[in-house]
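S.K.: heads up, no residue letters with this:
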Ligand SMILES: [Zn+2]
C-alpha cells in the first residue's frame, strides 16, 4: 500500500479511539443524513481547521475551504464554481442557519494578493477577487508596514466575502426573512485568539 504513514497511523488511531465511542453517532448520521446548522468558509491553510478550533464533531459543521477563505460573487457564466456549489447546497438543501467566513493570521492567499511577485496561474486570478479591497487598503494606509497591511486586508477581505454572499439571490432572500445569518471571524494562529465581526465591521476578541 502507498498510503502515507501519517494517514495510516492517524486512521488507525481514529478507529480505535474515536470511532469506537462515536459508532452510534456515525450510524445515526448515515441513516438520518446530515443536518448541520452552520456553514464555515475557511482557508485551506493546514493550521486553521474549523472543526478543531470550534471543537465540533461529525455532522455539526458544513465546511468548504479554499485559498484565503473567499466567497466569490454570484456569477452565472461557465466555470467550475466549487465554492458557489457548496454555498448553494448549504443554503438551499441543508437550510443552514448561519454562514461564517473564517479568516486567519499569516494567510498566504492574502499575502499573494499584496505581493508584487506573480502569485501563480490559478492563485492570481482567484485572489484578484479582492483586488479592489486591497487597492483601497494600500491607498488608505500610506507608510504602513507589510504586517499591518496584511492583517488589515485579512479582516477587510472577510467583509468583502460577506458582501459577495449577499449577491446570491437565495442568500439575500434568506437573510432578509431572518432564516439565515452571515458572520465573519478571524483566528490568530500563534495565540489561538478568535475575533468575531460586529455589524459595524470591527472585530471583537472572543473571551
Ligand atoms: Zn489562509
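M.R.: Nice, I can see it. All of these numbers come straight from a predicted model, not from anything done at the bench.
S.K.: every contact and neighbour count from this point should use C-alpha atoms.
M.R.: Noted.
S.K.: what's near enough to touch the residue lying closest to residue 203 once chain neighbours are set aside?
M.R.: Nearest residue to residue 203, sequence neighbours excluded (C-alpha to C-alpha, 6 or more residues apart in numbering): residue 197, at 4.3 Å. If a contact means C-alpha atoms under 8 Å, 6 or more residues apart in numbering, then residue 197 has 183-185, 203-204 as its contacts.
S.K.: give me the buried entries from these.
M.R.: Buried members of those, counted by 16 or more other C-alpha atoms under 10 Å: 183-185, 203.
S.K.: quick check: residue 61 touching residue 53?
M.R.: No: the pair residue 61 and residue 53 does not pass the contact test of C-alpha atoms under 8 Å, sitting 11.6 Å apart.
S.K.: so for the two, which sits in the more crowded spot?
M.R.: residue 61 (20 against 12; other C-alpha atoms under 10 Å).
S.K.: just grab the bridge partners of that one for me.
M.R.: With DSSP bridges applied, residue 61 shows beta-bridge pairing to residue 38.
S.K.: can you check the pLDDT for the closest residue to the ion within the chain?
M.R.: Closest residue of the chain to the ion, C-alpha to the ion: residue 107 (3.6 Å). Looking at residue 107, its pLDDT is 98.
S.K.: now do residue 26
M.R.: For residue 26, pLDDT reads 97.
S.K.: now swap in the one 10 residues further on and tell me
M.R.: What the model reports for residue 36 is a pLDDT of 98.
S.K.: what helix or strand does the residue positioned nearest the centre of the chain sit in?
M.R.: Centroid-nearest residue in the chain: residue 42, 1.8 Å away (criterion: C-alpha atoms, centre = their mean). In the assignment (DSSP states H and E), residue 42 maps to strand 38-43.
S.K.: related to what we said a few turns ago, which ones are touching the residue nearest to the centre of the chain?
M.R.: Counted by C-alpha under 8 Å, 6+ apart, residue 42 has contacts 48-50, 63-66, 68-70, 101-103.
S.K.: for it, name its beta-bridge partners.
M.R.: residue 65, residue 102.
S.K.: likewise residue 98?
M.R.: Assigned bridge partners for residue 98, using DSSP bridges, are residue 38, residue 181.
S.K.: one more: residue 195?
M.R.: residue 186, residue 205.
S.K.: mind listing what it touches?
M.R.: Here residue 195 is in contact with 185-187, 203-206 (C-alpha under 8 Å, 6+ apart).
S.K.: next one: it from residue 204, what distance?
M.R.: 5 Å (C-alpha to C-alpha, to the nearest Å).
S.K.: which parts of this structure are strands?
M.R.: For the chain, the strands defined by DSSP state E cover 38-43, 61-66, 98-104, 181-187, 194-197, 203-205.
S.K.: and residue 206, how far from residue 104?
M.R.: 14 Å.
S.K.: cool, residue 196 as well?
M.R.: Distance from residue 196 to residue 104, by C-alpha to C-alpha: 11 Å.
S.K.: try residue 172
M.R.: Relative to residue 104, and taking C-alpha to C-alpha, residue 172 is found at 26 Å.
S.K.: neighbour count winner among those two?
M.R.: Per other C-alpha under 10 Å, whichever of residue 172 and residue 104 has more neighbours is residue 104, with 26 against 14.
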